[in-house]
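Trainee: build me a model:
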Amino acid sequence: MVYFVRGGAGGTSRAVPASPADPAQPGHPASGPSAGLLLTEPVRGLADLAGLLLAAPGLATAPRGDGHGVLVFPGLLAGDSSTVPLRGFLRWLGYDVRGWDLGRNHGPTETVLAGLPRALLNHAERTGRPVSLIGWSLGGIYAREMARRHPRQVRQVITLGSPFGLHDPRQSHAHRPYQRLSFLHAADRKLPTREQRSRPISVPSTAVYSRLDGVVAWQACIEPETPLHQNVEVRCSHLGFGVDPATLWLIADRLAVPAGQRVPFQPPLALRPFYPR
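Mentor: As a prediction, the model looks like this:
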């Protein structure tokens, strides 16, 4: 639920010209979401879960999988239990999906730095082909860094409310919890700087974001679109990304794209109202 950064509030950021017509270049707000969005996160997260139960029949028609491997990384202070609904859905679609199996996410500890590449390389070797990575919030930053370091083993990356473009700690309400755990984190020299973290990766990627996110500023969760990268907006809380029906459909659609191809996301006509952009 926060960022993966070296040097706390320091570091540099790369300026991108703002364009009101393009949400991938919105400028950089100096603060996080409103107090109202933050305080209602738990209630809205439960509403997103209830929406999943109602949407189950529709999700049954989501694109089926080809059996390739998928790894799912949780957000800050969360563990594999938080991604059970998402992983269960993907397993039902036919994917060989695994959690990260590293316990609760306390940030970039030595255990995490050693365990992430091991999980990726082992899953790719076991399945015999590149693995898709899905990361929720901080987990998405982990996913991008794994793709940056091991591009041959990564088929694509999907981030869910992940502030990889964060340039100011005030853009995240999770900054303080992250900092309180900093005594557990690996040495700064082992972590990417903010500038390094925000650079594009070389594999296909999709950034899922929500303007209703009450934890991190949505502008920090996207980057300019390219032939390899697309931003897709949904309407859910930060805590709801793993159960939001529109997000689950989007993930199913992205995972079903054949390896080596890049097909922009275009929701079915009946589902377009659920994707504001």
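Trainee: contacts only, for the most centrally placed residue in the chain.
Mentor: Geometric centre of the chain, nearest residue: T159, 2.1 Å, by Cα atoms, centre = their mean. If you count contacts by Cβ atoms under 8 Å, 6 or more residues apart in numbering, T159 has them with I134, G135, G140, I141, A143, R144, S205, T206, A207, V208, C221. C-beta: built from backbone N, CA, C; applies to glycine.
Trainee: and with 6 Å instead?
Mentor: Listed by Cβ atoms under 6 Å, 6 or more residues apart in numbering, the contact set of T159 reads G135, G140, A207.
Trainee: you'd agree it is in a strand?
Mentor: Yes - the assignment for T159 (DSSP: H, G, I helix; E, B strand; the rest coil) places it in a strand.
Trainee: any idea what it is bridged to?
Mentor: G135, A207 (DSSP bridges).
Trainee: what about L269, how many neighbours?
Mentor: The number of residues packed near L269 is 7, by other Cβ atoms under 10 Å.
Trainee: for L49, what are its contacts?
Mentor: Neighbour list for L49: V243 [criterion: Cβ under 6 Å, 6+ apart].
Trainee: and which of the contacts of T159 is nearest to H150?
Mentor: Distances from H150 to the contacts of T159, taken as Cβ to Cβ, are shortest for G135 (14.3 Å).
Trainee: on the pLDDT front, check the closest one for me.
Mentor: Looking at G135, its pLDDT is 98.
Trainee: that one contacts A143, correct?
Mentor: Yes - taking contacts as Cβ atoms under 6 Å, G135 lies within contact range of A143: 3.5 Å.
Trainee: quick check: neighbours shared by the two?
Mentor: Joint contacts of G135 and A143 (Cβ under 6 Å, 6+ apart) are F73.
Trainee: list the buried ones in stretch 98-106?
Mentor: Buried residues in stretch 98-106, defined by neighbour count with 16 or more other Cβ atoms under 10 Å: R98, G99, W100, L102, N105, H106.
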